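Asker: please find the sequence and the predicted model below.
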Amino acid sequence: MTVLLVSTCAEPFSEAEFVAPLERIVRDAGTTVESYRLGTLNSVPEGVSHILLAGTTLQDDKYLKEIGAVEPLLGAGVPLLAVCSGMQLLAAACGGEIIAQREIGMVAVETLVENPLCAGRFEAFALHRHAVEPGARLEVLARSEGCAQVVRDRERPCWGVLFHPEVRNEQLVRSFLAL
């Protein structure tokens with residue numbers, strides 16, 4: 001099993017906080033990781049079983065100019081989990097809208113629809129200044145008081161989480177890898 005880990009970080013320094021923890025979770029699960037930056041891939045490499053689209057810092061909004069760069073990832077036909085800024089790109093690529101919505105710190109998340117990633121009510125670490133209006137193609141699976149926190153593409157095996165599971169909800173990433 002090989003996981004493609006795609007960074008939305010403009011600065012390599014930010015990857016230590018947002019990409020490296022996901023890389024560790026994947027490796028701890030006994031899985032191979034191939035890491036790339038968003039916008040550097042024209043297609044998904046052969047043999048990739050899962051894709052993780054990692055988040056970035058509050059100040060970094062350069063990823064907003066790269067919505068089209070997620071198309072090869074979405075079209076790969078393998079399970080994709082988009083985290084924070086990745087979820088925003090997923091939503092925009094699926095006809096949703098990126099909106100201003102700031103959340104910093106622990107948020108209460110309530111699961112609305114049974115799904116393989118999360119269940120019940122749980123705490124998650126949020127660090128974002130944008131959220132999404134998901135549009136018709138994305139189903140909201142869980143939300144906080146302020147916004148959608150977990151979504152699923154109704155047509156493809158793609159999920160998004162607005163919070164950072166690498167901080168406190170590592171089991172969500174492991175559940176994704178089990179898909």
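Answerer: Here it is on my side, so go on. Keep in mind it's a predicted model, so treat the numbers as computed, not measured.
Asker: element containing the closest residue to residue 145 other than its chain neighbours?
Answerer: Once flanking residues are discounted, residue 145 sits nearest to residue 108: 7.0 Å by C-beta to C-beta, 6 or more residues apart in numbering. C-beta coordinates here come from the backbone N, C-alpha and C atoms, glycine included. Assigned by DSSP states H and E, residue 108 belongs to strand 97-111.
Asker: same thing with residue 21?
Answerer: Assigned by DSSP H and E, residue 21 falls in helix 20-28.
Asker: tell me what that helix is packed against?
Answerer: strand 2-7, strand 32-37, helix 165-168, helix 170-177 (3 or more C-beta pairs under 8 Å, 6 or more residues apart in numbering; DSSP states H and E).
Asker: any idea what the residue nearest to residue 145 is bridged to?
Answerer: residue 123 (DSSP bridges).
Asker: need phi/psi at the residue of the chain positioned farthest from its centre.
Answerer: Ranked by distance from the centre of the chain (C-alpha atoms, centre = their mean), the top residue is residue 46, with 21.3 Å. In terms of degrees, to the nearest 10, the main-chain angles of residue 46 are phi -60, psi 140.
Asker: residue 12 now?
Answerer: Torsion angles, degrees, to the nearest 10, at residue 12: phi -60, psi -30.
Asker: could you list every residue that touches the residue nearest to residue 39 when sequence neighbours are not counted?
Answerer: Closest residue to residue 39 apart from its sequence neighbours, by C-beta to C-beta, 6+ apart: residue 69 at 4.4 Å. Taking C-beta atoms under 8 Å, 6 or more residues apart in numbering, we find residue 69 in contact with 38-39, 41, 89.
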